[in-house]
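Trainee: I would like the atomic coordinates for the input below:
(one chain, ligands or ions: 1)
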Amino acid sequence: MAILPIAKVGNPILRQLSKPVDPDVIGSRKFQEFLDDMFETMFHFEGIGLAAPQVARSEQVVVMECQGTDAIPRTVLINPKIIFYGPIKCEMWEGCLSIDNMRGKVVRPSMVRVQALDRKGVLQDIEANGLYAVCIQHEMDHLLGKLFIDRMADLSTLTQLEEFDAYWREESATVI
Ligand code: NI
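Mentor: Below you'll find the model as predicted:
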């Protein structure tokens, strides 16, 4: 396994539309190793989600996992599609491994239903709430060339990490 370098905001690959993965390659050793590398990279940089464009690969692949109170199960989404957005919205602090040391508040639907292939190439249907739902939307935005700063209603809550720690930490952030 390997820790992959993270593409940072300004890198054009973060603004491209990702291509679907050919389902026939999912079972290949090379692709499975890429998934393992994505998890290792995400854990190394202490994120809870990572999309393939963030490691300079413009393909529709997302990995996620978070332990603790707001747990997110270990998840691989390949060629994901959101098929339902819940009617209730939630506002959460978001951060991104591609935007160093920044946080900002984003409003998103608090529930989504997503269909995607898993790492065995099997179609899965996931209903997600709360942090899990927000993380899915944040990561899938990366596949569309969108970043959380694009989703902020305004930039007034954009906050550097030091100031976040000083003033806003108790509201809890999500680095995704
Ligand atoms: Ni991100």
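Trainee: contacts for the strand ranked longest in the chain next, please.
Mentor: The longest strand of the chain (DSSP state E) is strand 72-85. Residues from elsewhere that reach strand 72-85, judged by Cβ atoms under 8 Å, 6 or more residues apart in numbering: 20-21, 23, 26, 35, 39, 48-49, 60-66, 109, 111-119, 121, 126, 131-132, 135-137, 139-140, 143. Heads up, the C-betas are built off the backbone N, CA and C, glycines and all.
Trainee: partners of that strand in the sheet?
Mentor: Partners of strand 72-85 in the sheet, by DSSP bridges, are strand 61-66 (antiparallel), strand 111-117 (antiparallel).
Trainee: out of these, which is the most enclosed?
Mentor: strand 61-66 (a mean of 24; mean count of other Cβ atoms under 10 Å).
Trainee: name the surrounding residues that touch it.
Mentor: 18, 21, 34-35, 38-39, 42-43, 48-52, 72-78, 80, 116, 131-132, 135-136, 139-140, 142-143, 176.
Trainee: what helix or strand is Ile3 located in?
Mentor: Assigned by DSSP states H and E, Ile3 belongs to neither a helix nor a strand.
Trainee: so who does it touch?
Mentor: With contact set as Cβ under 8 Å, 6+ apart, Ile3 has these partners: Asp37, Glu40, Thr41, His44.
Trainee: hmm, back to that, closest to Asp100 out of the strands paired with strand 72-85?
Mentor: strand 61-66 (19.9 Å; Cβ to Cβ).
Trainee: first vs last residue of stretch 153-170, how far apart are they?
Mentor: Using Cα to Cα, to the nearest Å, the gap from the first to the last residue of stretch 153-170 comes to 22 Å.
Trainee: tell me the buried residues in it?
Mentor: Neighbour-count burial for stretch 153-170, counted by 16 or more other Cβ atoms under 10 Å, picks out Thr159, Phe164.
Trainee: swap in stretch 29-38?
Mentor: In stretch 29-38, counting by 16+ other Cβ under 10 Å, buried: Phe31, Phe34, Leu35, Asp37, Met38.
Trainee: quick one, helices of this structure?
Mentor: 29-44, 130-143, 148-151, 161-163 (DSSP state H).
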